[in-house]
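>>> give me coordinates for this.
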Amino acid sequence: MSMTEQHTRAKGRSAEDRAVDYLIHQGFRIVSRNYQTRHGEIDCIAESPEGVLVFVEVKSSRGKAFGHPFFRVSRAKQRTIISMAKRYLADHRITNRPCRFDVVALVGESIDHLRNAFLA
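The predicted structure follows:
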């Protein structure tokens, strides 16, 4: 792994750590981090204070010069996350439970949380 790849992974891990800390502070319970299959990854799976299972995508940037990080969750990325969520639910035999997809964006030092960012 190159130094650039290591640096990128470290930045991503740091952003995910900040997002998880934020979610915990908001009353969420972290169920899983970095759930992976050969088809992709979900950054974080959490349970909201209301009992909703939340699949969380984390995005970060130093600023908004190139737009808000929310807009970097493309339709293709949404489809991947939805597919991964279905796999997670099947693997854990979870049925008939409310779920949603959120995006947590870290822009500089601020954290923005978009609930119900997209629908399955």
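>>> T80 against H39, yeah?
Yes: if you go by CB atoms under 8 Å, T80 and H39 touch, sitting 6.9 Å apart. For every residue, glycine as well, the C-beta is placed using N, CA and C.
>>> hey, where'd the strands end up in the protein?
Here the chain has its strands, by DSSP state E, at 29-37, 40-47, 53-61, 99-107, 110-118.
>>> among these, which comes closest to A85?
A85 lies closest to strand 53-61 among the strands of the chain, at 4.7 Å (CB to CB).
>>> ok, the residue most central in space within the chain - contacts?
In the chain, the residue lying closest to the centroid (CA atoms, centre = their mean) is E57, at 2.0 Å. Neighbour list for E57: 42-43, 73, 77, 81, 101-104, 117 [criterion: CB atoms under 8 Å, 6 or more residues apart in numbering].
>>> H113 now?
H113 touches 22, 26, 102-105, counting by CB under 8 Å, 6+ apart.
>>> need the strands of the chain in JSON lines with mean pLDDT, can you?
Output for the strands of the chain, formatted as JSON lines (pLDDT from 0 to 100):
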{"stretch": "strand 29-37", "mean pLDDT": "94"}
{"stretch": "strand 40-47", "mean pLDDT": "95"}
{"stretch": "strand 53-61", "mean pLDDT": "92"}
{"stretch": "strand 99-107", "mean pLDDT": "94"}
{"stretch": "strand 110-118", "mean pLDDT": "93"}
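>>> A90 is nearest to which of those?
strand 29-37 (10.8 Å).
>>> just want the angle from the closest one to strand 53-61.
With axes from the mean of the first three to the mean of the last three CA atoms, to 10 degrees applied, the angle from strand 29-37 to strand 53-61 works out at 80 degrees.
>>> strand 29-37: which residues count as buried?
Going by neighbour count (16 or more other CB atoms under 10 Å), the buried part of strand 29-37 is 33, 35.
>>> give me the sheet partners of it and which way each runs.
strand 40-47 (antiparallel) (DSSP bridges).
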